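Sequence plus the predicted model coming up.
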Amino acid sequence: MSALPPTPAPPRLTVFGRGSYAEALRIGEILRKETVGGALLVAAAAIALIWANSPASESYFALRDFTLGYGPWHLDLSLGAWAADGLLAIFFFLVGLELKREFVAGDLRQFNKSVVPVAAAVGGVAVPALIYAAVNLAGPEALHGWAIPTATDIAFALAVLAIIGSHLPSALRIFLLTLAVVDDLLAITIIAVFYTSELHPVPLLLALLPLGLYTLLVQKYRRFFGLHALAAWVILLPLGATTWALVHASGIHATVAGVLLGFAVPVRRSQASGGPEAGPGLAEIFEHRFRPISAGFAVPVFAFFSAGVAVGGWQGLGAALTDPVAVGIVLALVLGKPAGILGTTWLITKATRARLDRSFKWIDVFGLSILAGIGFTVSLLVAELSFGQGTVHDDHAKVGILAASVIAALLAAAVLRVRNKQYRQAEEEEKIDSDHDGIPDVYQQDRPAG
């Protein structure tokens with residue numbers, strides 16, 4: 001009796017494999033907008049730092065602390081608070097849109113493609129938090145800032161890639177974007193759970209009314225809001241603003257409202273409008289409309305009001321950088337982020353017998369994980385929530401965030417520049433493969449959502 005032929009081994013999972021052509025086009029468009037936004041963000045932060053340490057520094061802090069708003073509704077906020085609570089809600093609205101889009105209709109709806117970046121993001125949050133906590137274990141007040149080094153600033157990171165002229169392939173860029181978006185989701189969850197000092201249930205329950213009506217309208221009349229941009233501003237914006245105000249009054253940080261509103265927007269087109277294959281859904285159209293506002297205005301203005309720290313000369317800079325708060329942030333972002341991301345990715349490849357795409361090496365993952373150590377926008381926000389704007393710990397935390405981001409940018413640039421020749425080759429291969437895919441570029445067509 002002849003022996004049975006051996007059962008063929010299942011195909012091995014490929015880490016950082018190329019996504020679909022349509023997904024690569026969509027991600028590429030997002031990254032181009034965020035790169036411009038990153039340049040504006042860096043410029044705004046630089047202006048704030050220079051102004052805050054100039055002879056005219058009092059005018060900067062007077063502008064930041066100028067109060068505006070309606071007191072009975074608890075909205076008499078400083079301009080700095082309006083930027084942190086209000087403008088960043090636009091940023092987190094886009095985070096909600098992007099997350100839902102990725103896991104409902106993007107390549108990451110497939111478990112084998114989502115498990116690596118999601119797990120890497122979790123590792124990139126947990127390890128920096130543990131490092132910061134270990135450094136500040138002896139200081140209960142300083143320990144409040146454990147979540148500061150957990151987030152990655154995608155706009156800042158992409159600005160660095162643009163400056164060094166890196167030809168990072170789309171697979172790695174998609175990984176970086178997904179990593180940053182999941183980071184932001186984890187960060188906003190941490191903010192909602194750990195940085196809510198006093199919860200007022202009545203405004204929170206009332207917020208469900210405009211949020212529910214908003215959800216009903218965007219789900220039922222998605223085609224209408226896709227065709228008529230003005231209608232979204234006139235009908236949906238007041239509902240979103242009311243939801244934001246009530247969440248703010250409840251004691252939960254108001255940026256959480258932005259994520260919830262983003263999650264409510266439908267991703268796929270209705271069957272009446274041709275279904276998913278007929279073009280982008282309302283979530284993608286909203287992303288296209290609102291990302292320039294977020295990247296070009298909301299985030300840079302927040303950076304301007306948040307990054308301005310009066311360092312106090314070389315002596316003050318030395319005192320800030322030797323504070324355990326700043327030391328913990330620098331170590332967590334520069335060492336903890338790469339350790340968490342690279343370590344988690346390596347463990348997954350060993351546990352699942354996965355392998356890297358043939359175009360990449362572990363040095364590429366290492367460079368990317370260092371780049372993820374650029375924590376800026378969300379880190380500045382968490383620093384203010386941890387210690388209060390203008391306190392000594394807050395100022396020292398911001399110095400640590402800025403120092404760590406610059407160090408991470410320089411180290412990542414050094415690593416990724418070495419691999420630029422290989423990245424160019426991989427980019428050319430992607431272009432050749434795309435030319436033979438024959439996939440219609442529905443993502444570049446201006447078609448109404450359904």
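Here it is on my side, so go on.

If you tally nearby residues, what's the number for residue 283?
26 (other CB atoms under 10 Å). In short, each C-beta sits where N, CA and C put it, glycine included.

now the strands for this structure?
With strands called from DSSP state E, the chain shows them at 14-15, 67-68, 77-78, 355-356.

May I have stretch 153-166 exported as PDB, CA atoms only?
What follows is stretch 153-166, C-alpha atoms only, in PDB (Å, rounded to 0.1, in the frame of the first residue of the first chain):
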ATOM      1  CA  ASP A 153       2.100  62.100  15.800                       C
ATOM      2  CA  ILE A 154       1.600  61.000  12.200                       C
ATOM      3  CA  ALA A 155       1.700  64.500  10.800                       C
ATOM      4  CA  PHE A 156       5.100  65.300  12.500                       C
ATOM      5  CA  ALA A 157       6.400  61.800  11.400                       C
ATOM      6  CA  LEU A 158       5.400  62.400   7.800                       C
ATOM      7  CA  ALA A 159       7.000  65.800   7.800                       C
ATOM      8  CA  VAL A 160      10.200  64.200   8.800                       C
ATOM      9  CA  LEU A 161       9.900  61.700   6.000                       C
ATOM     10  CA  ALA A 162       9.300  64.600   3.500                       C
ATOM     11  CA  ILE A 163      12.400  66.500   4.800                       C
ATOM     12  CA  ILE A 164      14.700  63.500   4.500                       C
ATOM     13  CA  GLY A 165      13.300  62.600   1.200                       C
ATOM     14  CA  SER A 166      12.500  59.000   2.200                       C
END
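
Point out where the stretch 301-450 of the chain drops to low pLDDT.
354-359, 425-450 (pLDDT under 70).

now do 80
311-317, 319, 352-361, 419-450 (pLDDT under 80).

Kindly report the same for the stretch 51-200 of the chain.
Using pLDDT under 80, the stretch 51-200 of the chain drops low at 70-74, 102-103, 105-115, 154-155, 158-159, 161-174, 177-178, 181, 184, 196-198.

Provide a complete list of residue ranges assigned to helices in it.
57-64, 79-81, 88-104, 111-135, 154-164, 170-194 (DSSP state H, counting those that start in this stretch).

any idea how far the fifth one is from the chain center?
The one in question is helix 154-164. From the chain centre to the centre of helix 154-164 is a distance of 13 Å (CA atoms, centre = their mean, to the nearest Å).

Show me what that helix is packed against.
Judged by 3 or more CB pairs under 8 Å, 6 or more residues apart in numbering; DSSP states H and E, the packing partners of helix 154-164 are helix 21-52, helix 170-194, helix 362-371, helix 392-418.

do that again at 7 Å, thanks
helix 21-52, helix 170-194, helix 392-418 (3 or more CB pairs under 7 Å, 6 or more residues apart in numbering; DSSP states H and E).

and what of the last one?
For helix 170-194, the elements it packs on are helix 21-52, helix 88-104, helix 111-135, helix 154-164, helix 255-264, helix 362-371, helix 377-387, judged by 3+ CB pairs under 7 Å, 6+ apart.

still on that earlier bit, nearest to residue 292, of the helices and strands packed on helix 154-164?
For the helices and strands packed on helix 154-164, proximity to residue 292 was assessed by CB to CB; helix 21-52 is nearest, at 6.4 Å.

Ok, which of the helices and strands packed on helix 170-194 comes nearest residue 184?
helix 88-104 (4.6 Å).

hmm, who's touching that closest one?
Residues from elsewhere that reach helix 88-104 (CB atoms under 7 Å, 6 or more residues apart in numbering): 108-109, 114, 178, 181, 184-185, 188, 244, 254-255, 257-263, 265, 267-268, 283-284, 286-287, 290-291, 293-294, 298-299, 302, 381.

Stretch 307-324 too?
45, 48-49, 51-53, 57, 60, 64, 135-136, 139, 142, 326, 380, 395-396, 398-399, 402-403.

same thing but at 6 Å, please
Defining contact as CB atoms under 6 Å, 6 or more residues apart in numbering, one finds that stretch 307-324 is touched by 45, 48, 52-53, 57, 60, 135-136, 142, 326, 395-396, 398-399.

Now rank these by neighbours and give me the top one.
Most surrounded of the contacts of stretch 307-324: other CB under 10 Å gives residue 398, at 29 neighbours.

residues contacting that residue?
Counted by CB under 6 Å, 6+ apart, residue 398 has contacts 309, 383.

please redo it, this time with the cut-off set to 7 Å
307, 309, 380, 383.

Next, count neighbours for residue 72.
6.

Residues in a beta bridge with residue 68, which ones?
In this entry, residue 68 is beta-bridged to residue 77, by DSSP bridges.

And for it, the neighbour number?
11.

same deal with residue 238?
Neighbour count for residue 238, taken as other CB under 10 Å: 12.

Quick check: the closest residue to residue 260 other than its chain neighbours vs residue 240, distance?
Nearest residue to residue 260, sequence neighbours excluded (CB to CB, 6 or more residues apart in numbering): residue 211, at 6.2 Å. According to CB to CB, to the nearest Å, residue 211 and residue 240 sit 9 Å apart.

List the buried residues for stretch 299-313?
299-311 (16 or more other CB atoms under 10 Å).

Restricted to helices, list these.
299, 300, 301, 302, 303, 304, 305, 306 (DSSP state H).

Looking at those, spot the one nearest residue 118.
The closest of these, once distances to residue 118 are taken by CB to CB, is residue 299, at 23.8 Å.

That closest one: what's it in contact with?
37, 41, 91, 155, 377.

Which one of these is nearest to residue 130?
For these, the nearest to residue 130 is residue 377 (22.3 Å; CB to CB).

Can you report how many residues lie near that closest one?
28.

Contact partners for it?
Contacts of residue 377 by CB under 7 Å, 6+ apart are 153, 299, 302, 303.

which two in the residues you listed are spaced the farthest apart?
153 and 302, at 11.4 Å, using CB to CB across the contacts of residue 377.

Nearest residue to residue 92 in space, please, no chain neighbours.
residue 258 (3.6 Å).
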